[in-house]
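Student: got a predicted structure plus its sequence, pasted below:
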Amino acid sequence: MEKYIFVCIGTNQLVGDSFGPRVGEILEKKFKTSSKVKVLGTMKCPIHFQNAPIFIDYLKTEDSKLIVIDSALGEEEQIGSTCMNRGGIEIGKAFEKSLYFPAHWNIKTIVDKKIKQLQSEKSVYQMNQMAQKLANQIIEIMDELI
């Protein structure tokens, strides 16, 4: 049976970039005792642009399906929408940086509109609601797979 690693990208320092670690918190609690699912990137131990290379190197040794979760910026009407694609993702774009994070799949949720400042207009409550929604969807799918 397949093993899965969810890599939740973001920081605990900015509300607008804390989506990934918030999803990670929820998934970690749910799959804490699972031998089939591992979760990296939580509010306590976030994976962000600066420390991502360490995790990329570590994950090269893992024989699991990697699923990277990150937030994205988009248009107002797109906020809350999620897309899943094959392959890894480029992280750091909102900060005008770029690092490719390899994976089998990536999941992105649009959490805020594109703005010049890196300051989110979303509240902690709204970010938690979006994170809970995605985490619930992932949990539902994983419960059928494992």
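Tutor: Nice, I can see it. Residues are numbered from 1 along each chain as shown.

Student: show me where the protein has strands.
Tutor: Secondary structure of the chain (DSSP state E): strands located at 4-8, 37-40, 65-74, 82-86, 89-91, 99-101, 105-113.

Student: quick one: Gly10 and Glu77, what's the gap?
Tutor: Distance, Gly10 to Glu77, by Cβ to Cβ, to the nearest Å: 23 Å. C-beta: built from backbone N, CA, C; applies to glycine.

Student: what sits against the closest residue to Gly20 other than its chain neighbours?
Tutor: Take Gly20 and drop its neighbours on the chain: the residue closest to it by Cβ to Cβ, 6 or more residues apart in numbering is Gly10, 3.5 Å away. Gly10 sits next to 17-22, 41, 46-48, 70-71 when contact means Cβ atoms under 8 Å, 6 or more residues apart in numbering.

Student: again, only using 7 Å
Tutor: 17-21, 46, 48, 70-71 (Cβ atoms under 7 Å, 6 or more residues apart in numbering).
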